[in-house]
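Visitor: sequence unknown, structure follows:
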């Protein structure tokens, strides 16, 4: 049983279709990259996977002991967040979900937050103000928060956008480690096709034509050819 | 100096002055608690818009000759707050223009009604005191004071109980939705609380100046404090202190209460900005 199964999914707003007849599945431990041009519906697809956007037709189901609200989500940063007066610790803690209502965070939740801050290498920054951190540090804070919300599947919406090449590389390695060492399934939206081929196990290309398969198959396909031509020209 | 204290002490003997001080401090405390969230969610203008709506509702109540104006003002403002916060998400008229329409519209209608149907001899005086709250804080009845205290305590309690959730939805609505927090319901709750606070604060500073109570203390606190918790606490304390100082100054100097409070808020904002810039220069 796959963790996420999409069958003949059609997504869109009001009567306008953005994506039609999309079928794919995500198995436990997979590293899926979703690539495609701007406006091809990547963010809409993510919203649908999170249960925030109702598909026009088709179905999305979860399995393998995964529930919809057990997905750890790393959204794209908003303007509001960039100058938000909150400490790193507060933000990471806000990822902890609680099964029953309580106005305060429990000891267990605090421990979970501390562990994830150590894992993301931001524990020493925990009292610092979020808006004073660098872009890479901010992303690691949001990743730690997403980890508090899940042990099973992370959904990352362009986690490296706006980061410099060095920090981008670190971020990819961090995500790769989460996938390999912590056995967390990764679903990532990306513009970076070379990195997608390098790290991902599967690739979903959406747009006018749809491709779903392993990263090796993708690298040999027509979709990547266009990119290979570009690389040869550049190199 | 001794004269001033003597004067204050003599004022304190009147119960209406004590009521005014209690209500003023409580209302400004509550408004700044929610102010932090409003400012961060880029909703500051909703406070302004709603206070104009409350003005319109108040003139309707006055024309209708109701003895208890709260009965109309409160529901109308709450409904407008809910409509405004909901329209932010998927309306044909975008949030800021919706606010502009609603606030200007209700101001105009309110003034029109007051002029056309008013029974009072001094219409412009009435309008002025509703807009700038010149004396209404000193004419509070015992019922008004009890209501105000009860609502303030309720608002503070709700804020503390839902503090973590409020933080979540202020920082990141889509993440909160994804983790199963009922964002819509909490926004509804926030809208209601904001409307209640604005109606309460209207007595204190008048409907034109209400948003100052919401905006200034939270912005001042954000200049200095580094975490959400300290920003919230700092802005609540600062707001209460500024209102107290403002009201006492107004009593002694005989200036209008509302605008004096706002003036103190403005001074506090600049002091905090100065402190903030000195500290940030040190840490760099």
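Guide: Here it is on my side, so go on. Fair warning: this is a prediction, and the values are worked out from it, not measured in the lab.
Visitor: the stretch 1-150 of chain B against chain A: which residues are in contact?
Guide: If contacts are counted using Cβ under 8 Å from any Cβ of the partner chain, the residues of the stretch 1-150 of chain B sitting beside chain A are B:40, B:41, B:42. Every residue, glycine included, has its C-beta placed from N, CA and C.
Visitor: what about residue A:220, how many residues nearby?
Guide: Applying other Cβ atoms under 10 Å in any protein chain shown, we find 11 other residues in the vicinity of residue A:220.
Visitor: same check on the one 5 residues further on?
Guide: Number of residues near residue A:225 (other Cβ under 10 Å) recorded here: 11.
Visitor: likewise for residue B:113?
Guide: Residue B:113 has 17 neighbouring residues, counting by other Cβ under 10 Å.
Visitor: check which helix or strand covers it.
Guide: Assigned by DSSP states H and E, residue B:113 falls within helix B:95-117.
Visitor: what lies in contact with that helix?
Guide: If you take Cβ atoms under 8 Å, 6 or more residues apart in numbering or on different chains as the criterion, helix B:95-117 is touched by B:45-46, B:48-53, B:55-60, B:62-63, B:80, B:83-84, B:87-88, B:91, B:93, B:123, B:126-127.
Visitor: save the residues of the stretch 1-150 of chain B next to chain A as a markdown table, and put in distance to residue A:39, secondary structure and pLDDT too.
Guide: Formatted as a markdown table, the entries for the residues of the stretch 1-150 of chain B next to chain A read as follows, by distance: Cβ to Cβ, whole Å; DSSP: H, G, I helix; E, B strand; the rest coil; pLDDT from 0 to 100:
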| residue | distance to residue A:39 | secondary structure | pLDDT |
| --- | --- | --- | --- |
| B:40 | 30 | helix | 89 |
| B:41 | 27 | coil | 84 |
| B:42 | 25 | coil | 79 |
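Visitor: can you flag the buried ones in these?
Guide: By neighbour count, with 16 or more other Cβ atoms under 10 Å in any protein chain shown, the residues of the stretch 1-150 of chain B next to chain A hold B:40, B:41 as buried.
Visitor: quick one, strands of chain A?
Guide: A:4-13, A:16-26, A:31-35, A:57-62, A:71-74, A:153-157, A:185-189, A:202-205, A:211-214 (DSSP state E).
Visitor: can I get those strands in TSV with mean neighbour count, mean pLDDT and distance to residue A:178?
Guide: Converted to TSV, these look like this (neighbours: other Cβ atoms under 10 Å in any protein chain shown; pLDDT from 0 to 100; distance: least, Cβ to Cβ, whole Å):
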stretch	mean neighbour count	mean pLDDT	distance to residue A:178
strand A:4-13	17	86	17
strand A:16-26	17	85	15
strand A:31-35	25	92	10
strand A:57-62	16	85	20
strand A:71-74	26	90	10
strand A:153-157	23	91	7
strand A:185-189	25	93	7
strand A:202-205	23	91	16
strand A:211-214	16	88	20
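Visitor: so which of the ones you listed is nearest residue B:23?
Guide: With respect to residue B:23, and counting by Cβ to Cβ, the nearest of the strands of chain A is strand A:71-74 at 43.4 Å.
Visitor: tell me which parts of chain A are close to chain B?
Guide: Within chain A, the residues that sit near chain B (Cβ under 8 Å from any Cβ) are A:47, A:50-52, A:69, A:71, A:73, A:75, A:78, A:80-81, A:84-87, A:89-91, A:93-95, A:97, A:103-105, A:127-129, A:132, A:145-146, A:149, A:155.
Visitor: cutoff 6 Å now
Guide: For chain A, the residues in contact with chain B under the definition Cβ under 6 Å from any Cβ of the partner chain are A:50, A:52, A:69, A:73, A:75, A:85-87, A:90, A:94, A:97, A:103, A:129, A:149.
Visitor: can you pull the contacts of residue A:185?
Guide: Residues counted as contacts of residue A:185 (Cβ atoms under 6 Å, 6 or more residues apart in numbering or on different chains) are A:3, A:28, A:30, A:153.
Visitor: follow-up on the earlier one: which among the contacts of helix B:95-117 end up buried?
Guide: Neighbour counting over the contacts of helix B:95-117 (16+ other Cβ under 10 Å) leaves B:45-46, B:48-53, B:55-60, B:62, B:80, B:84, B:87-88, B:126-127 as the buried ones.
Visitor: contacting residues around the residue positioned nearest the centre of chain A?
Guide: Centre of chain A computed as the mean C-alpha position; nearest residue by Cα atoms, centre = their mean is residue A:156, 1.3 Å away. The contact partners of residue A:156, by Cβ under 6 Å, 6+ apart, come to A:74, A:188.
Visitor: equivalent analysis for residue B:183, please.
Guide: B:169, B:173, B:176, B:177.
Visitor: how far is the host helix or strand of residue B:38 from where the chain is centred?
Guide: Secondary-structure assignment from DSSP H and E places residue B:38 in helix B:15-40. Put simply, helix B:15-40 sits 7 Å off its chain's centre (Cα atoms, centre = their mean, to the nearest Å).
Visitor: buried set for it?
Guide: Of the residues in helix B:15-40, B:17, B:19-21, B:23-40 count as buried by neighbour count, 16+ other Cβ under 10 Å.
Visitor: what is it packed up against?
Guide: Using 3 or more Cβ pairs under 6 Å, 6 or more residues apart in numbering or on different chains; DSSP states H and E as the contact criterion, the neighbours of helix B:15-40 among helices and strands are helix B:142-161, helix B:163-171, helix B:183-205, helix B:210-224, helix B:228-253.
Visitor: helices and strands around the shortest one, which ones?
Guide: What it means is helix B:163-171. helix B:15-40, helix B:183-205.
Visitor: same question for the last one.
Guide: Here helix B:228-253 is seen to pack against helix B:2-12, helix B:15-40, helix B:210-224, helix B:257-283 when contacts are counted using 3+ Cβ pairs under 6 Å, 6+ apart.
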